[in-house]
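Visitor: Turn this into a model:
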Amino acid sequence: MEPWTAQRQTGTEHQDKAVGPAGRRGLLRRRRSRGARGARAAATAEELQKRLPDSFAVVSGVRVWYRGRPLFLEHVVTGPTGIFLAATVEGNPRWREDLTRAAAFFTENLGPYSQRFTVLAITGEAMKTAPLPCIRPVESALAAAAVMVEEGTGDVLSPEALREIRERIEMWQVQGPKGPGAGQGFTWREWVSLGSVVVLTTVMVADAQHITVRDWLPILLVLALPLAAVLWLVNRIPSGRLRAVLSYTIMMLVVGVTLLLSLAAWLS
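Guide: Numbering: from 1, shown residues only. Below is the predicted model of the structure:
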């Protein structure tokens, strides 16, 4: 047995012992449910690839951040007739919420093509669904492919438009637009760091006799611009543990230096 396999098995055993018999049954049900959903998703991807013409492209398993939470886009399909999200919803009790969020994500992130998408919920023949304004239920991957090819959402998209849309989708996978991903603006930690520099500059001007108020802005720019550049680089890191640690570390260093120098100026 491979070492990583043994570790994973051991971890699972410890987890099962910790939760007790009832918890173990719940874990097993969730694992079986996730496995079944994964198998259905893989079968859907294969069926879509087989049924759609070569002018269509299927990208499966797109993970993005949206409004502070992860969002999973099961199958994103682009073709001359429009943009489609196809999702196998059987076994997912939260599928209405998930697909409604996905529709809002498409609306906000497709730019000029925000009216060219359709969300298809592949429900299975026996599943009863309540109609939703932004989601269209279909019975199978075959029915979803037929909708994509025959109906669409308007005029045929040009090759240039399709290229632009597919580039957008590739960027979603890299940085997750409209969520706490890379390049989504400073957090409160970055603003605290910059505010500390303003305080430090003010203390230096007030304490030094040879520095006048006119020198305050140049000194502030000399100190703040390099820090802002560093914070901008940190902000380009996708959301996660590394970015949070760097952001907190920089904030604590800047605030600590500001407090020490302010205390030294006050005592002198």
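Visitor: what's next to stretch 249-265, contact-wise?
Guide: Contacts of stretch 249-265 with the rest of the structure, by Cβ atoms under 8 Å, 6 or more residues apart in numbering, involve 189-190, 192-193, 196-197, 199-200, 203-204, 206-207, 227, 230-231, 234. The C-beta positions use only the backbone N, C-alpha and C, and glycine is treated the same way.
Visitor: out of the residues you listed, who's nearest Leu120?
Guide: Relative to Leu120, the closest of the contacts of stretch 249-265 is Val234; by Cβ to Cβ it sits at 39.2 Å.
Visitor: pretty sure Leu194 is in a strand, no?
Guide: No: going by DSSP: H, G, I helix; E, B strand; the rest coil, the assignment for Leu194 is helix, not a strand.
Visitor: pLDDT score assigned to it?
Guide: The confidence metric pLDDT takes the value 91 at Leu194.
Visitor: from memory it sits against Pro226, does it?
Guide: No: applying Cβ atoms under 8 Å, one finds Leu194 not in contact with Pro226, separated by 11.4 Å.
Visitor: which one of those two has more residues nearby?
Guide: More neighbours surround Leu194 than the other of Leu194 and Pro226, with 16 against 11 (other Cβ atoms under 10 Å).
Visitor: Now do the strands in this structure.
Guide: Along the chain, the stretches classed as strands by DSSP state E are 57-66, 69-79, 82-88, 117-122, 135-138.
Visitor: right, so the ones you listed: which one is the most enclosed?
Guide: With neighbours defined as mean count of other Cβ atoms under 10 Å, the strands of the chain peak in mean count at strand 82-88, which reaches a mean of 25.
Visitor: Neighbours of Arg116, how many?
Guide: As a burial measure, Arg116 scores 20 neighbours (other Cβ under 10 Å).
Visitor: Can you check the pLDDT for it?
Guide: At Arg116, the predicted lDDT confidence score is 87.
Visitor: Next one: the nearest residue to Val192 once chain neighbours are set aside from Ala224, what distance?
Guide: Using Cβ to Cβ, 6 or more residues apart in numbering and skipping residues adjacent in sequence, the residue nearest Val192 is Met251, 5.4 Å away. Remark: distance between Met251 and Ala224 (Cβ to Cβ, to the nearest Å) = 14 Å.
Visitor: do Leu99 as well
Guide: For Leu99, the distance to Ala224 equals 45 Å [Cβ to Cβ].
Visitor: Look at these two and report which has more neighbours.
Guide: Leu99 (23 against 19).
Visitor: you'd agree the more buried one is up against Val119?
Guide: Yes: taking Cβ under 8 Å as the definition, Leu99 is a contact partner of Val119 at 5.3 Å.
Visitor: Between the two, which contacts overlap?
Guide: 85, 87, 134-135.
Visitor: Out of the residues you listed, the closest to Ala141 would be?
Guide: Checking the shared contacts of Leu99 and Val119 against Ala141 by Cβ to Cβ gives Ala87 as the nearest, at 10.8 Å.
Visitor: So among the shared contacts of Leu99 and Val119, where is pLDDT lowest?
Guide: By pLDDT, Cys134 ranks lowest within the shared contacts of Leu99 and Val119, coming in at 76.
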